[in-house]
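Trainee: Predicted model and sequence below, questions to follow.
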Amino acid sequence: MAKQEKEYRRLPGRGYRRQGSWIAATRTISTLWMSKDHLLCIDSMGGYSEDYKRFYYRDIQAIIVRRTESWKIWNLVWGTASILVVLVSWMTTSGVTLGVWLCLAFFLLALLLINLSRGRTCVCHIRTAVQTEELPSLRRLRTARKATALLKPLIEEAQGTIPPEELPSRMRELVTRQVESEVTAPAGISRLSSASARRAASSYKGAVHLVLFGLLLLDAAHTGLDFFLRGVGMAALSILLWAGIAFSLVMSLIKQPGALTIGLRRVTWGILAYTLAVFGVGYVEMMVISVKNAESRQVITQWDMVRIHAETSPFDSAWMMTTMILSLICSLGLGLLGLLLLRQFRQKTADPPSVVSAGDKVPARQNEN
C-alpha cells in the first residue's frame, strides 16, 4: 500500500506575532505551512486556540523582505552586558559571588553567540490584491530566503512567468493604473486614505523615548542636588535612575528603527555612547577606591565602595567635580534635545484637519453692506 502524500509541509522558521502591547499573558506563535495550491499561516495562542490564514499562490502579488537593525542592537546589548558583568566580577572577592557573576557572564555570552549564529534580522510581508499580512515566522534573513526559494516555483507554476522583455511594459501599466485610481478617487477619500496609511506606517509615537528623555532630565536634577546633598540615599537613587535609563534605552533602540526621524535616532545612539561612558567612568572610580583601601587589608565589598564614594565631596576632588559637571551637561543637553525633536516629530505626524466635503454646510458670508 502506497504511503499517503502529506498535504502540508512546514516551512523553516517560527516567530511571535506582535500583540497590542509588548506585555501579554500569552504569546502567539506563528508558523508557515506549504500546500500544493496555497500557503497556510497558523497562529497558535497559548496552545488552546489557533487562527488560520490561507494565501493562494494565484493571488500572491509579492513577498517583501526588508532588513532590520534588531540584530545589531541585540548584539550590542548582549555584548555590552557580558563585558560589564565580567568587569564587576573582577571587583568581587568572595568565591561564591564570583561564581555567580561568571555564570551570568557566560549566559549573556551564550545569548550573544546564539544571536550571531542565527544571522541578520528582517521583516517579511506577503501582499495580495486585498491585504498585506506580516509573516512573523520569517524574522531572520537566512530563513526568509530559504522559504521564498521553496515558494517561488509554486507561485510561478500557478501564475506563470513573465518574459524579461515584458517587465518594463508591465511596470508602466501598473504605475499608470495606480495614478489613474488616485486621480479618479474623491478628494476626501484620497486624503483620508493617505492619512490612514501614514498612521499605519508610524504607529509608534515615541512613548518609550519620552520616558528615556525624562529620566535623563531627572538625572540632571539629581546631579545638581548631589553637589550639596551627598549620602548613601542619593547614591542609591542614582543607581535606580541609571537602571531605568539603561532599560528604557534598550527598549528605545528596539522600537526606533524605521519609526522615528533621523535626528531622534541619532540622539538615542548618542545616549547609548554617553551611558557606556558613564558606566566606564563609574567602574574606574570604584577600582580607584578599591586600590586606595587595599592597604587596610580589610575586605572591601561593593556596598563599601558605594558608601565611600557617596561620602566623598566633589569640592574635595577635582576628578569628581569634572565628571559630575560633564554628566550634568550631557544629561540636561541630551534630555532637552530629545524632547524638542520628539515634540517636532509628534507635531508633524499629528492627524490632519478634517476635510469638508461638498455636502457640508459652509457658513454664508455676511453682507458687507
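Mentor: In hand now; what should we look at?
Trainee: what kind of secondary structure is the most centrally placed residue in the chain in?
Mentor: Central residue of the chain (CA atoms, centre = their mean): I254, 1.5 Å from the mean position. Under DSSP: H, G, I helix; E, B strand; the rest coil, the three-state class of I254 is helix.
Trainee: check contacts around it.
Mentor: Contacts for I254 (CB atoms under 8 Å, 6 or more residues apart in numbering) come out as 70, 73. Placement of C-beta: from N, CA and C, glycine included.
Trainee: Kindly recompute the last result at 10 Å.
Mentor: Going by CB atoms under 10 Å, 6 or more residues apart in numbering, I254 touches 22, 68-70, 73-74, 77, 208.
Trainee: pLDDT value on I126, please?
Mentor: Predicted confidence (pLDDT) for I126: 91.
Trainee: With F227 as the reference, measure out to it.
Mentor: 58 Å (CB to CB, to the nearest Å).
Trainee: now swap in F55 and tell me
Mentor: From F55 to F227 the distance is 63 Å (CB to CB).
Trainee: Repeat that for A318.
Mentor: 14 Å.
Trainee: cool, and Q347?
Mentor: Q347 is 36 Å from F227, by CB to CB.
Trainee: who's more crowded, those two?
Mentor: F227 (15 against 8; other CB atoms under 10 Å).
Trainee: quick one, what contacts that one?
Mentor: Counted by CB under 10 Å, 6+ apart, F227 has contacts 313-315, 320-321, 324-325, 328.
Trainee: Any quick PyMOL command for the buried ones out of those?
Mentor: Written as a PyMOL command, the selection of buried residues from those, which uses 16 or more other CB atoms under 10 Å, is:
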select buried, resi 314+320+324+328
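Trainee: can you put the contacts of F227 in CSV and add distance to L154 and secondary structure?
Mentor: As requested, those are arranged in CSV below (distance: CB to CB, whole Å; DSSP: H, G, I helix; E, B strand; the rest coil):
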residue, distance to L154, secondary structure
S313, 74, coil
P314, 69, helix
F315, 75, helix
M320, 67, helix
M321, 69, helix
M324, 64, helix
I325, 65, helix
L328, 62, helix
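Trainee: from the contacts of F227, which is closest to C41?
Mentor: C41 lies nearest to L328 out of the contacts of F227, by CB to CB, at 52.0 Å.
Trainee: Tell me how far the closest one lies from L334.
Mentor: 11 Å.
Trainee: Next, show the common contact partners of those two.
Mentor: 219-220.
Trainee: pLDDT on the strand or helix carrying M234, on average?
Mentor: Using DSSP states H and E, the element containing M234 is helix 232-255. Average pLDDT, helix 232-255: 85.
Trainee: contacting residues around G160?
Mentor: R58.
Trainee: and it, backbone torsions?
Mentor: Torsion angles at G160 (phi, psi; degrees, to the nearest 10) stand at phi 80, psi 160.
Trainee: Repeat that for S137.
Mentor: According to degrees, to the nearest 10, the main-chain angles of S137 amount to phi -70, psi -20.
Trainee: which residue sits closest to G119 in space, ignoring its chain neighbours?
Mentor: Excluding the flanking residues, the one nearest G119 by CB to CB, 6 or more residues apart in numbering is R142, at 4.5 Å.
Trainee: I appreciate the help and will end here.
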